[in-house]
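# Have a look at this prediction, sequence included:
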Amino acid sequence: MPPRLRPTKAHVARPTIAADLTEEIDVSFLRSQVGYNARRAALHIIGVFMGRMQEYELKVVEFSVLSLLAHNPGLTSRHVCATLSIMPPNLVGLVASLEKRGLLERRPHPSDGRAMGLHLTPAGLALAQESEQAVAQLEIDATAKLSASERKTLIRLLQKVYD
């Protein structure tokens, strides 16, 4: 039987704010990692996003699909999946939900008789445009500690990681 570890200050939960709980924990290695920092930044921005997008009843992936189709009407499901890294089975339900809300419709694709093109309805296009403006502002608010130049640099550097 392995020996029981004795709790140290870092292991004992105290009924205080999160910053107090972590002030003695060494996270220097984690903070030196791109993935850790990218994830922490993403969680922060997604948290702001979720709060602001409640009025539009949009989740991150729904917003992404609407925005993509607003700028690229008629894409096939296959193109949407490839562009946004969505698994095809997940997109099926998402498209059905957006259709049910009257935001999206499927039409025969002009050059591929087997495929359907995805198009925003007028309501979907209006929602995409309005929510894009809100997202542009929430990103500025969520990254308020960065200058405009730093924000552009951060975006460019993150894109170098995944492009």
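Now that the structure is in, tell me what you want to look at.

# wait, what's in contact with the nearest residue to residue 112 once chain neighbours are set aside?
If you skip the residues right next to it in sequence, residue 112 has residue 76 as its closest partner in space, 7.0 Å away by Cβ to Cβ, 6 or more residues apart in numbering. All C-beta atoms are positioned from the backbone trio N, CA, C, and that covers glycine. With contacts defined as Cβ atoms under 8 Å, 6 or more residues apart in numbering, the neighbours of residue 76 are 109, 112, 115-118.

# Apply 10 Å and report the result again.
Contact analysis of residue 76 by Cβ atoms under 10 Å, 6 or more residues apart in numbering lists 82, 106, 109, 112, 114-118.

# distance of it from residue 95?
Separation of residue 76 from residue 95 (Cβ to Cβ, to the nearest Å): 11 Å.

# Please apply the same query to residue 158.
Distance, residue 158 to residue 95, by Cβ to Cβ: 28 Å.

# just residue 26 next, same as before
Using Cβ to Cβ, we find residue 26 at a distance of 46 Å from residue 95.

# now residue 30
Residue 30 is 38 Å from residue 95, where distance means Cβ to Cβ.

# out of the two, which sits in the busier spot?
A direct count of neighbours by other Cβ atoms under 10 Å for residue 30 and residue 95 places residue 95 higher, at 18 against 13.

# Check what pLDDT the closest residue to residue 44 other than its chain neighbours gets.
With Cβ to Cβ, 6+ apart as the measure, residue 142 is the residue that lies nearest to residue 44, at 6.3 Å, once sequence neighbours are left out. Note on residue 142: pLDDT of 93.

# what's the neighbour count on residue 142?
Other residues near residue 142 come to 18 when the count uses other Cβ under 10 Å.

# show me where pLDDT drops low in this protein?
When residues are selected by pLDDT under 70, those of the chain lie in 1-19, 22.

# How much space separates the residue nearest to the spatial centre of the chain from residue 154?
The chain has residue 60 as the residue nearest its centroid, 4.5 Å off, counting by Cα atoms, centre = their mean. Distance of residue 60 to residue 154, given as Cβ to Cβ: 19 Å.

# can you pull the buried residues of stretch 47-57?
Judged by neighbour count using 16 or more other Cβ atoms under 10 Å, the buried positions of stretch 47-57 are 49, 52-53, 56.

# pull the CA atoms of it into PDB?
Listed in PDB are the C-alpha atoms of stretch 47-57, where the atom choice follows Å, rounded to 0.1, in the frame of the first residue of the first chain:
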ATOM      1  CA  GLY A  47     -15.800  33.500 -20.800                       C
ATOM      2  CA  VAL A  48     -16.400  37.100 -22.000                       C
ATOM      3  CA  PHE A  49     -17.800  35.800 -25.200                       C
ATOM      4  CA  MET A  50     -20.400  33.500 -23.500                       C
ATOM      5  CA  GLY A  51     -21.600  36.400 -21.400                       C
ATOM      6  CA  ARG A  52     -22.000  38.800 -24.300                       C
ATOM      7  CA  MET A  53     -23.400  36.300 -26.700                       C
ATOM      8  CA  GLN A  54     -26.300  35.300 -24.400                       C
ATOM      9  CA  GLU A  55     -28.400  38.100 -25.900                       C
ATOM     10  CA  TYR A  56     -27.900  36.600 -29.400                       C
ATOM     11  CA  GLU A  57     -28.300  33.000 -28.100                       C
END
